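Visitor: I'd like to go over a predicted model; first the sequence, then the structure.
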Amino acid sequence: MKTMAGWKKCQECHTGQTGFWQTTDHSRSLRSLVTDNQQYNEDCLLCHVTLPYYDAERVRADRLLLQLPKNLQMVGCESCHGSGAAHAGDPESVRTVKVGEKVCLTCHTPDHDDNFIYLEKINKVRCPADIVNEQ
């Protein structure tokens, strides 16, 4: 998991974005599984936590879902923007993924979200303009 920075690292430079994210369901995504007693169901966890990559078979083989640190136990920044450790180390050279509908459809499939309309839902989770804090 060395490629993952976790949302608190993102917050160091992107306080406005992480503050907004904390108001979204993505920041509380694991709670919905706990409520339904599905927090150990790997099929559900794939979309309710922050993963280092989207290779479900490797995630299962490495048993990553059951050993995630607390700062990755939600749909965090890196779920949508990709692994962030390299970006955090060199933000000028290493860019994050620009989020589009394809990223959302990784989890928001008809089987799991039969009411997902990208153009309607994106405004609920789109971070404010990417203003970076000066350090």
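Guide: Sure thing, it's come through.
Visitor: now for the helix or strand where Glu120 lies, which elements pack on it?
Guide: Of the helices and strands defined by DSSP states H and E, Glu120 is found in helix 118-125. The contact analysis (3 or more C-beta pairs under 8 Å, 6 or more residues apart in numbering; DSSP states H and E) places helix 118-125 against helix 101-104. Backbone N, C-alpha and C define where each C-beta goes, glycine included.
Visitor: residues making contact with the helix it packs on?
Guide: Cys80, Val97, Phe116, Tyr118, Lys121, Ile122 (C-beta atoms under 8 Å, 6 or more residues apart in numbering).
Visitor: again, only this time at 10 Å
Guide: For helix 101-104, the surrounding residues in contact (C-beta atoms under 10 Å, 6 or more residues apart in numbering) are 54, 79-82, 97, 108, 113, 116, 118-119, 121-122, 125.
Visitor: For ChimeraX, what selects the buried ones among those?
Guide: Buried residues within the contacts of helix 101-104, as defined by 16 or more other C-beta atoms under 10 Å, are selected in ChimeraX through the command that follows:
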select :79,80,81,82,108,125
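Visitor: Fine, thanks again, bye for now.
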